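1. Got a predicted model here, sequence first, then my questions.
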Amino acid sequence: MDYNKLNKELEVFENQKADLITQLENHIKVYGSYLEKKYGLIPSSESFANWFIDNHQDVLRKKRRIPFRLTREYVFQFCTEYKSELDEFELNERLPTYVSEDNLYRDKVDEIFEEYVPQMKSNISSILLLELIAEISNILYYEELPKEIDKVHERNFDAKRESIRYLYYELWKLNKNKGIKSLIVEYLLKKFDSLSDNDHGSLMKKLATKPQHFDKVK
């Protein structure tokens, strides 16, 4: 066995991996915010480098003698494939743990989101959509707020604030009592960054007011 040759190959491999990590980190500095908004993630340098080496050895072999220039298209390809894997995992593995089978609101909540959200002209990941559906289903069923509520920023769900508010009014109608309405208002204030500048009383009063230009027109 030619150990010198193996050691040289290993050295080339390590140099290529280090170079990929450096180039990716430079890309992230320039357009990382775009990737986060489009894909809902920022690639891990280590994961990206391993993915590239596994899937694009032919490219690297051709470029051994000159520095390889990492283009944005490779980064987009990785994000697309990785996001697809995450979405599939969430849909197949985590969905049953979000909402119990006996939650009688789950299917109705899902129908309302399916009807309204696509017409709100907003970019929202399937993972966040599942989270929103699960949380409001459980609020309606258990009549209490989640113990932990992660804030949703406008870059992750950029629908108009009036549309979000009125969407949750439609959801409240599934379990129409004042206690639930108050919980939903409290949830909106904690959940959505775009609504956090409201106070509980004013948001409670205008929850049922249909916006003049509501995205979903019946």
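-> Great, that's in hand.

2. okay, CA-based contacts and neighbour counts for the rest of this
-> Noted.

3. Quick one: end-to-end length of stretch 82-102, please.
-> 32 Å (C-alpha to C-alpha, to the nearest Å).

4. any idea of the pLDDT on residue 121?
-> The model reports residue 121 with a pLDDT of 73.

5. what stretches of the protein score poorly on pLDDT?
-> Within the chain, the segments meeting pLDDT under 70 span 1-3, 6, 61-67, 86-98, 213-218.

6. can you give me the helices for it?
-> 3-39, 45-55, 57-62, 72-89, 95-98, 106-116, 126-142, 161-172, 178-191, 200-206 (DSSP state H).

7. Quick one: the ones you listed as CSV, columns for mean neighbour count and distance to residue 148 too.
-> Below are the helices of the chain laid out as CSV (neighbours: other C-alpha atoms under 10 Å; distance: least, C-alpha to C-alpha, whole Å):
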stretch, mean neighbour count, distance to residue 148
helix 3-39, 15, 23
helix 45-55, 15, 29
helix 57-62, 12, 44
helix 72-89, 15, 22
helix 95-98, 13, 13
helix 106-116, 16, 20
helix 126-142, 19, 10
helix 161-172, 20, 19
helix 178-191, 19, 10
helix 200-206, 14, 19
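
8. Tabulate those helices (a markdown table), appending distance to residue 154.
-> Formatted as a markdown table, the helices of the chain follow (distance: least, C-alpha to C-alpha, whole Å):
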| stretch | distance to residue 154 |
| --- | --- |
| helix 3-39 | 10 |
| helix 45-55 | 26 |
| helix 57-62 | 39 |
| helix 72-89 | 20 |
| helix 95-98 | 23 |
| helix 106-116 | 18 |
| helix 126-142 | 12 |
| helix 161-172 | 9 |
| helix 178-191 | 11 |
| helix 200-206 | 18 |
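
9. Would you mind giving the domain segments of this protein?
-> The chain is divided into the following domains under automatic domain parsing: 3-94, 99-206.

10. and the longest one, how far out from the chain's middle?
-> Which is domain 99-206. With C-alpha atoms, centre = their mean, to the nearest Å as the basis, domain 99-206 stands 16 Å off its chain's centre.

11. now swap in stretch 191-211 and tell me
-> What separates the centre of stretch 191-211 from the centre of its chain is 23 Å, taken as C-alpha atoms, centre = their mean.

12. what about that stretch, start to end distance?
-> Start-to-end, stretch 191-211 (C-alpha to C-alpha) is 20 Å.

13. And the contacts of that stretch?
-> 149-154, 161-163, 165-166, 169, 181-182, 185-186, 188-190 (C-alpha atoms under 8 Å, 6 or more residues apart in numbering).

14. before we move on, what about stretch 19-32?
-> 42, 45, 46, 48, 49, 69, 70, 72, 75.

15. Distance to residue 212 added to the domains of the chain, as JSON lines?
-> Formatted as JSON lines, these follow (distance: least, C-alpha to C-alpha, whole Å):
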{"stretch": "domain 3-94", "distance to residue 212": "28"}
{"stretch": "domain 99-206", "distance to residue 212": "9"}
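
16. Okay then, goodbye and thanks.
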